[in-house]
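Q: Just to be clear, the model below is a prediction. Sequence and coordinates:
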Amino acid sequence: MHDIDCLVIGAGVVGLATARALALAGREVVIAEAAEGIGTQTSARNSEVIHAGIYYPPGSLKAKVCVEGRKRLYAYLRERGLPHKACGKLIVATSASQKPALETIMARAQASGVDSLRWLDAAEAKAREPEVRCEIALLSPETGVVDSHAFMLSLLGECEAAGGSLALNTPIAAWRREADGFSVDFGGDEPATYTVRTIVNSAGHGAPKLLGTLEGFPPAHVPVQHYAKGNYFALLGKQPFSHLVYPVPEAAGLGIHATIDMGGRVKFGPDVEWVQHDQDLVVDPQRAEKFYAAIRTYWPALPDGALVADYAGIRPKLHDSTQ
């Protein structure tokens, strides 16, 4: 008999969704979160975009999960009346040389079962977004935005209603394999050791490090992470767009794009800044110069002084800038 049936480590979106599913399936679930609240890292430090599933290679796990996940997420949000909006997205080519990149996106989308994308010429794009300058664009009507915090609170509430529990300020100090499960040393204000039947490692960009602390686990099998910091700048003044606006994707990300949150606030980002650790979350205001240049390729009228440093997040990657 174990002290804990299922231990989910990490209370971000993935951990909370996993814990909810396990609890609804009748399992006894405990969520251990090292921070003071849920969703304080990757789940909070992103663009809050619901992606349609158009960028990934057809047949890949990412493509399948993104397409199916988008359908399930919209259904979940609608059924519960949670804040979200299918506002659509324009992916813009600002020169004719970028059109092949959009053609690749269109082909991947169609091969992955996303048939809603449509081409917009410059006049059609301008009719939808008068402030945007482009040669040609793709419209993705199934792209949207979500209030990620409301979503996470809903997942947690349904997990707890099904018998699950959340332990905040509870880092994992050490863990070991046992014959029929695990022995886990919990840190925090009340350190304790419990036996656990099943563990789900959903610690976000801390997951590889956590795996490396499992006694006896081969270090060679622990993924090596590289940290791609993404900085965001907020827009001061009137909202200029009604859709999300994305440039043609770049090597390590989707480019500095414009998103609109549920309160109508516009932010731009993320860029790509390779850093040495996952705690570098301060936005350098001097990076604004790069943002102005990137944004003005598709929004030339961006006023001087309209951007203010906002927040940053970390993309955990298995490849660095040289790979």
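A: In hand now; what should we look at? Residues are numbered from 1 along each chain as shown.

Q: can you map out the helices along the chain?
A: 13-24, 61-80, 99-111, 122-128, 148-161, 207-212, 288-295 (DSSP state H).

Q: could you redo these as TSV and give each row mean pLDDT, distance to residue 255 and mean neighbour count?
A: (C-beta placed from N, C-alpha, C; glycine too.) Shown next, in TSV, are those (pLDDT from 0 to 100; distance: least, CB to CB, whole Å; neighbours: other CB atoms under 10 Å):
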stretch	mean pLDDT	distance to residue 255	mean neighbour count
helix 13-24	99	23	22
helix 61-80	98	18	15
helix 99-111	97	11	16
helix 122-128	98	17	14
helix 148-161	99	21	19
helix 207-212	95	27	16
helix 288-295	98	7	16
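
Q: Could you name the stretch from these that's closest to residue 178?
A: When the helices of the chain are ranked by proximity to residue 178, the top entry is helix 207-212, at 17.0 Å, counting by CB to CB.

Q: Make CSV out of the helices of the chain and add distance to residue 225.
A: Converted to CSV, the helices of the chain look like this (distance: least, CB to CB, whole Å):
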stretch, distance to residue 225
helix 13-24, 16
helix 61-80, 18
helix 99-111, 26
helix 122-128, 38
helix 148-161, 22
helix 207-212, 5
helix 288-295, 24
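
Q: Tell me where the stretch 201-323 of the chain has strands.
A: 226-235, 244-247, 257-260, 266-269, 273-275, 307-317 (DSSP state E, counting those that start in this stretch).

Q: Make TSV out of those strands and add mean neighbour count.
A: Formatted as TSV, the strands of the stretch 201-323 of the chain follow (neighbours: other CB atoms under 10 Å):
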stretch	mean neighbour count
strand 226-235	21
strand 244-247	23
strand 257-260	24
strand 266-269	23
strand 273-275	15
strand 307-317	18
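
Q: Let me have those in TSV, extended by distance to residue 46.
A: Listed next are the strands of the stretch 201-323 of the chain as TSV, based on distance: least, CB to CB, whole Å:
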stretch	distance to residue 46
strand 226-235	8
strand 244-247	13
strand 257-260	10
strand 266-269	10
strand 273-275	15
strand 307-317	5
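
Q: now for the ones you listed, which one comes closest to residue 16?
A: strand 307-317 (17.7 Å).

Q: Who does the closest one pair with, and is each partner parallel or antiparallel?
A: strand 226-235 (antiparallel) (DSSP bridges).

Q: starting at the chain centroid, how far to the strand it pairs with?
A: Once both centres are worked out by CA atoms, centre = their mean, to the nearest Å, strand 226-235 turns out to sit 12 Å from its chain's centre.

Q: any idea of the mean pLDDT in that strand?
A: Mean pLDDT, strand 226-235: 94.

Q: Could I get the CA-only coordinates of that strand as PDB?
A: Provided in PDB are the C-alpha atoms of strand 226-235 (Å, rounded to 0.1, in the frame of the first residue of the first chain):
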ATOM      1  CA  HIS A 226      19.300  24.900 -24.000                       C
ATOM      2  CA  TYR A 227      17.400  27.900 -22.900                       C
ATOM      3  CA  ALA A 228      15.900  30.300 -25.500                       C
ATOM      4  CA  LYS A 229      14.600  33.300 -23.600                       C
ATOM      5  CA  GLY A 230      11.700  35.100 -25.200                       C
ATOM      6  CA  ASN A 231      11.200  38.800 -24.300                       C
ATOM      7  CA  TYR A 232       7.900  40.700 -24.600                       C
ATOM      8  CA  PHE A 233       7.200  44.400 -25.000                       C
ATOM      9  CA  ALA A 234       3.700  45.800 -24.400                       C
ATOM     10  CA  LEU A 235       2.200  48.500 -26.600                       C
END
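
Q: now the angle between helix 288-295 and it, please.
A: 80 degrees (axes from the mean of the first three to the mean of the last three CA atoms, to 10 degrees).

Q: before we move on, the earlier item: of the helices of the chain, which is nearest residue 273?
A: Of those, nearest to residue 273 by CB to CB is helix 288-295, at 9.7 Å.

Q: packing partners for that closest one?
A: Contact here means 3 or more CB pairs under 8 Å, 6 or more residues apart in numbering; DSSP states H and E; on that basis helix 288-295 packs against strand 266-269, strand 307-317.

Q: contacting residues around the first one?
A: I take that to be strand 266-269. 47, 230-235, 239-241, 256-261, 291, 295, 307, 310 (CB atoms under 8 Å, 6 or more residues apart in numbering).

Q: still on that earlier bit, among the strands of the stretch 201-323 of the chain, which comes closest to residue 183?
A: So among the strands of the stretch 201-323 of the chain, strand 307-317 is nearest, using CB to CB, at 27.4 Å.

Q: from the middle of its chain, how far away would the closest one be?
A: Relative to its chain's centre, strand 307-317 lies at 12 Å (CA atoms, centre = their mean).

Q: Can you pull the phi/psi pair for the residue most central in space within the chain?
A: The centroid of the chain falls nearest to residue 46 when counting by CA atoms, centre = their mean (5.3 Å). Torsion angles at residue 46 (phi, psi; degrees, to the nearest 10) stand at phi -150, psi -170.

Q: Now for it: which residues touch it?
A: Under the criterion of CB under 8 Å, 6+ apart, the neighbours of residue 46 are 148, 230, 270, 313.
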